[in-house]
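Participant: I need the structure of the sequence given here:
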Amino acid sequence: MWVKHLFFPDSEINMTAVRSQGAGGQNVNKVSTAIHLKFDISASSLPMQVKQRLLSLNDQRVSRAGVFIVKSQQTRSQLKNKEYALSRLRSFIELALVTRKARKKTRPSKSSQQKRLDAKNRRGRLKKSRQMQGE
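Facilitator: Numbering: from 1, shown residues only. So this is what the prediction gives:
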């Protein structure tokens, strides 16, 4: 399976067809259309850096053992549910590939600091004048 510039074999993805939950009549009771997708992050052939990022994402779909688990039962078609589960896995891995830009520290300019202090003084004087009038 290709994710951006990464490739890992499909054999590392474990998909099982199970019966869907909820309303649906006979179709739900007879046909296994829902898909359980399991992807063991730590045992995969992904680069170590990507594995560490995936495990540190604090995603509820990742078990304590480091297995990414998704259940897809949106459609009545097993094939579409497989595609949907794979797309969720792909987007999860792409999330780990995005690197955040480092924040550049900035300081407020002298004039902006002075404007802020002037505004505070003006507001304080206004409140003080109201206080004097009320007495």
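Participant: quickly note the distance from residue 117 to residue 129.
Facilitator: Distance, residue 117 to residue 129, by Cβ to Cβ, to the nearest Å: 19 Å. Any C-beta I mention is one placed from the backbone N, CA and C, and that applies to glycine too.
Participant: what do you get for residue 12?
Facilitator: For residue 12 relative to residue 129 (Cβ to Cβ), the value is 73 Å.
Participant: who has more neighbours out of these two?
Facilitator: Ranked by neighbour count (other Cβ atoms under 10 Å), residue 12 and residue 129 place residue 12 first, with 15 against 10.
Participant: residues contacting that one?
Facilitator: Residue 12 makes contacts with 39, 40, 43, 44, 45, as judged by Cβ atoms under 8 Å, 6 or more residues apart in numbering.
Participant: let's see 10 Å
Facilitator: For residue 12, the contacting residues are 1, 38, 39, 40, 41, 43, 44, 45, 46, by Cβ atoms under 10 Å, 6 or more residues apart in numbering.
Participant: so what touches the lengthiest helix in the chain?
Facilitator: In the chain, ranked by residue count with DSSP state H as the criterion, the top helix is helix 110-134. When contacts are defined by Cβ under 10 Å, 6+ apart, helix 110-134 is touched by residues 107, 108, 109.
Participant: tell me which residues in it are buried?
Facilitator: Under the neighbour-count criterion of 16 or more other Cβ atoms under 10 Å, helix 110-134 has nothing buried.
Participant: and what of stretch 89-102?
Facilitator: Within stretch 89-102, the residues scored as buried using 16+ other Cβ under 10 Å are 89, 92, 93, 96.
Participant: mind checking which helix or strand the third one is in?
Facilitator: This means residue 93. Secondary structure assignment for residue 93, by DSSP states H and E: helix 78-97.
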